[in-house]
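Visitor: predicted model and sequence follow; I will ask about them next.
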Protein chains: 2
Amino acid sequence: MKIKGFIYCFVFAFSGLFQESVQGRPLLTSAPRPRRDETATFARWLVSQSSWGVLNTISDDWEGAPFGNVVSFSDGLPDKGKGIPYFYLTTLDPTARNALKDQRSSFTLSEHNLGTCGKADPEDPSCAKITIVGKLKLLEGTPDEVEFARTALFTKHPAMQSWPKNHNFQIFKLNIENIFMINWYGGPQPITVEQYLNAEMNEVAFLAHLTA
Amino acid sequence: MKIKGFIYCFVFAFSGLFQESVQGRPLLTSAPRPRRDETATFARWLVSQSSWGVLNTISDDWEGAPFGNVVSFSDGLPDKGKGIPYFYLTTLDPTARNALKDQRSSFTLSEHNLGTCGKADPEDPSCAKITIVGKLKLLEGTPDEVEFARTALFTKHPAMQSWPKNHNFQIFKLNIENIFMINWYGGPQPITVEQYLNAEMNEVAFLAHLTA
């Protein structure tokens, strides 16, 4: 156990140093970047490490235009995400209103936010991006899922707990149907929803990626 | 002129220091944040200072879902933007393909990228966000506009000049129809397209905002 602990320390320290050196600004991730060919794990890492993205719905106000909105989200406690994005939205904002009328949605994230793209242009395929396509629904899960989602959101975004009660914020969930991810040259990576949801995300997996 | 130059230097230096101090990481803007109640100027600042965003189209592949995609863009030379977003897209990517079939689109930016939100949560209204709604079209403007757009893109994103020729990248333009911007509490700010396009963006305007 001592040796295992030492290896973890070494790998995490080395990874942090490397990522800081290529970027020149504070590292915004708590876990090292997986190998790019471990596509499902990479996608889960990108989602779990991000704190916000653009949530897209079909606009009820503007002739059915696709309407993107900046929102915070969480898929779980830090480094323990399950890959499903949860949101805390109010119908004072068009996104929640749109979703209640038409659930078709997507959620888009860029690795650029994490500070791990080095000097790559944000549109360059070496700077990863993911769009999760699915249905955006008011969360009506089991009590366990509601508790999981609430803890996930409030832990990653403590400010949410003090948002105005009379704005009627509610938890929404993106039911995933398709995953579009580019993290290298050659077009989107083929990832099934099952591969994405079952990707291994524990420290051993990260260790294996780094030392392979 | 000397006094004017001195005031500019002072204001820009002070602004830079202040923005660095609240953020604790390198300032990613070249012009100071306008006053929030100068809404059209604020919107133009947010657009001109940003280098990437999420471009939304109606998906041809996934049942008409709104499809957000991370893209780089430019609205002009640094600090000389005109407010109209230009993109460099290939039909190898779904976004350009979608737009050629259905021009309805929106483009979404967060101030969080600029490092000027301090500790505000990305979904907090004090961290500004803008969604420009309109029609995404292949640029078929005058030779002057084509030259303007090309210079705008290649200056802000030098890497674009070396993107593969056989990928057939082309310049697209977002024809603006509506502007949705939140930069403080109380809901979206009313901004007309005319106000946005005509907002004053020169240094004097910024100076006035800072010292008013």
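Guide: The structure has been received and is ready for your questions.

Visitor: give me the neighbour count for residue A:119.
Guide: Counted with other Cβ atoms under 10 Å in any protein chain shown, residues neighbouring residue A:119 total 11. (C-beta placed from N, C-alpha, C; glycine too.)

Visitor: ugh, wrong one, residue A:185
Guide: 9.

Visitor: and residue A:145, which of the three is it?
Guide: Of the three states, residue A:145 takes helix according to DSSP: H, G, I helix; E, B strand; the rest coil.

Visitor: how about low-confidence regions in chain A?
Guide: Applying pLDDT under 70 to chain A picks out residues A:1-28, A:202-212.

Visitor: just want the most central residue of it.
Guide: The centroid of chain A falls nearest to residue A:47 when counting by Cα atoms, centre = their mean (2.0 Å).

Visitor: which helix or strand contains it?
Guide: For residue A:47, the host element (DSSP states H and E) is helix A:39-49.

Visitor: and that helix, anywhere near chain B?
Guide: No: Helix A:39-49 stays clear of chain B (Cβ under 8 Å from any Cβ of the partner chain), getting no nearer than 11.2 Å.

Visitor: what does that helix contact?
Guide: A:28-31, A:33-36, A:75-76, A:78-81, A:83, A:85, A:109, A:111, A:114, A:128, A:130, A:132, A:179, A:181, A:183, A:189-191, A:195-196, A:198-201, A:205, A:209 (Cβ atoms under 8 Å, 6 or more residues apart in numbering or on different chains).

Visitor: how far out from the middle of the chain is it?
Guide: For helix A:39-49, the distance from its own C-alpha centre to the chain's C-alpha centre is 7 Å (Cα atoms, centre = their mean, to the nearest Å).

Visitor: with only the CA atoms kept, save the strand ranked longest in chain A in CSV.
Guide: For chain A, the strand with the greatest residue count under DSSP state E is strand A:170-182. Provided in CSV are the C-alpha atoms of strand A:170-182 (Å, rounded to 0.1, in the frame of the first residue of the first chain):
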residue,chain,number,x,y,z
GLN,A,170,-35.4,23.0,-10.4
ILE,A,171,-33.0,20.2,-11.3
PHE,A,172,-33.0,19.1,-14.9
LYS,A,173,-31.3,16.1,-16.4
LEU,A,174,-29.9,15.4,-19.9
ASN,A,175,-30.9,11.9,-21.0
ILE,A,176,-28.1,11.0,-23.3
GLU,A,177,-28.8,9.6,-26.7
ASN,A,178,-25.6,10.4,-28.7
ILE,A,179,-22.1,11.5,-28.1
PHE,A,180,-20.1,13.7,-30.5
MET,A,181,-16.5,14.1,-29.3
ILE,A,182,-13.4,15.2,-31.1
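
Visitor: flag every buried residue along the helix or strand following it.
Guide: Heading C-terminal from strand A:170-182, the first helix or strand you meet, by DSSP H and E, is helix A:193-198. Within helix A:193-198, the residues scored as buried using 16 or more other Cβ atoms under 10 Å in any protein chain shown are A:193, A:196.

Visitor: what helices and strands are in contact with helix A:193-198?
Guide: helix A:39-49, strand A:170-182 (3 or more Cβ pairs under 8 Å, 6 or more residues apart in numbering or on different chains; DSSP states H and E).

Visitor: if we can go back for a sec, off-centre distance for the longest strand of chain A?
Guide: Between the mean C-alpha location of strand A:170-182 and the chain-wide mean there is a distance of 9 Å, by Cα atoms, centre = their mean.

Visitor: quick one, strands of chain A?
Guide: Under DSSP E, chain A gives strands at A:52-58, A:66-72, A:86-89, A:104-110, A:129-138, A:170-182.

Visitor: count the residues that sit near the nearest residue to residue A:190 once chain neighbours are set aside.
Guide: By the measure of Cβ to Cβ, 6 or more residues apart in numbering or on different chains, the closest residue to residue A:190 outside its immediate chain neighbours is residue A:39, 7.7 Å from it. Residue A:39 sits with 21 neighbouring residues when counted by other Cβ under 10 Å.
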